[in-house]
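Trainee: Any chance you could fold what I've pasted below:
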Amino acid sequence: MAAEIALFDLGHVVLDWDPARLYAKIIDTPQERATFLTDICNMTWHTRHDAGASFADNAADLIRQYPHYESEILAWGRRWMEMFDGYMDGTAELIERLEARQVPLYALSNMPAEPWQEMLDEFEVLRRFRHVVVSGQIGLIKPGAAIYHHTLERMGHPATETVLFIDNSLPNVEAADALGFRTHHFKHAQGLEEALVREGLL
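Mentor: Next up is the predicted model:
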């Protein structure tokens, strides 16, 4: 069967998101900043937001451990939008081309629930998707199989082999592969364009 639906991850695929962008404004010393993002506000900690934890609750645990970094920890949620720098080069244009061809567009993202409405208001391309599964809203995260099954349900139960899943995380791609999705491991827009052409979507 041919691909008929495009299912996008968001961070590092559609949106240019990098916490270091915010913390470059907050912590002057590169070494201290790197240590903070590696040992304190790291991706393991952030994954709890993606799984449904609130910014406030998740910050509270860290603040008890690192009270001298209270303002920096709270900035993760309070200044979330400063982690973004628009879109990844070329991806929004590919989404516009897919939409022009009437390809059904969906998104599946590990993303906190709290800032989602602000992100929708800020990034017009997000409103082009027929539905976006936001992990923090449902308490499921990639690469767990349950969130892929939930997404298929929200898309109307298409055959997995008709869905091209696009993600920059190899574990997420491998999980989708195991469930029968067509997949593309995103590295840059040129590679994605080639994959979309190969799949007959462009």
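
Trainee: which residues touch Gly90?
Mentor: Under the criterion of CB atoms under 8 Å, 6 or more residues apart in numbering, the neighbours of Gly90 are 188-190, 192-193. For the C-beta atoms, the positions are set from N, CA and C on the backbone; glycine is no exception.

Trainee: In PyMOL, how would I select just the buried ones from these?
Mentor: A single PyMOL command is used to select the members of the contacts of Gly90 judged buried by 16 or more other CB atoms under 10 Å:
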select buried, resi 189+192+193
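
Trainee: of all the contacts of Gly90, which comes closest to Ile138?
Mentor: Ranked by distance to Ile138 (CB to CB), the contacts of Gly90 are led by Leu192 at 26.1 Å.

Trainee: what sits against the closest one?
Mentor: Shown in contact with Leu192 (CB under 8 Å, 6+ apart): 90-91, 94, 166, 184, 186.

Trainee: Give the helix, strand or coil label for it.
Mentor: helix (DSSP: H, G, I helix; E, B strand; the rest coil).

Trainee: Give me the distance between it and Ile95.
Mentor: 10 Å (CB to CB, to the nearest Å).

Trainee: for Ala20, same thing?
Mentor: From Ala20 across to Ile95, the span is 26 Å (CB to CB).

Trainee: Would you mind telling me which of the two has the busier surroundings?
Mentor: Ile95 (21 against 13; other CB atoms under 10 Å).

Trainee: is it true that the more buried one touches Glu124?
Mentor: No - using CB atoms under 8 Å, Ile95 is not in contact with Glu124, being 10.4 Å away.

Trainee: Tell me where the chain has strands.
Mentor: For the chain, strands defined by DSSP state E occupy the ranges 5-8, 15-17, 84-87, 105-109, 131-134, 163-167, 182-185.

Trainee: Those strands into CSV, with extra columns for distance to His150 and mean pLDDT?
Mentor: Conversion of those to CSV gives the following (distance: least, CB to CB, whole Å; pLDDT from 0 to 100):
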stretch, distance to His150, mean pLDDT
strand 5-8, 12, 98
strand 15-17, 21, 98
strand 84-87, 25, 96
strand 105-109, 9, 98
strand 131-134, 6, 98
strand 163-167, 13, 98
strand 182-185, 18, 98
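
Trainee: which stretch among those comes nearest Arg154?
Mentor: strand 131-134 (5.2 Å).

Trainee: Please list the outside residues in contact with that closest one.
Mentor: Contacts of strand 131-134 (CB under 8 Å, 6+ apart): 10, 106-109, 111, 113, 116, 126, 147, 150-151, 154-155.

Trainee: try it again with 6 Å
Mentor: Strand 131-134 is contacted from outside by 106-108, 111, 113, 116, 151, 154, using CB atoms under 6 Å, 6 or more residues apart in numbering.

Trainee: same thing with stretch 18-27?
Mentor: With CB under 6 Å, 6+ apart, stretch 18-27 has contacts from 33, 36, 72, 75, 79, 82-83.

Trainee: Which among those count as buried?
Mentor: The neighbour count (16+ other CB under 10 Å) marks 33, 36, 72, 75, 83 as buried among those.
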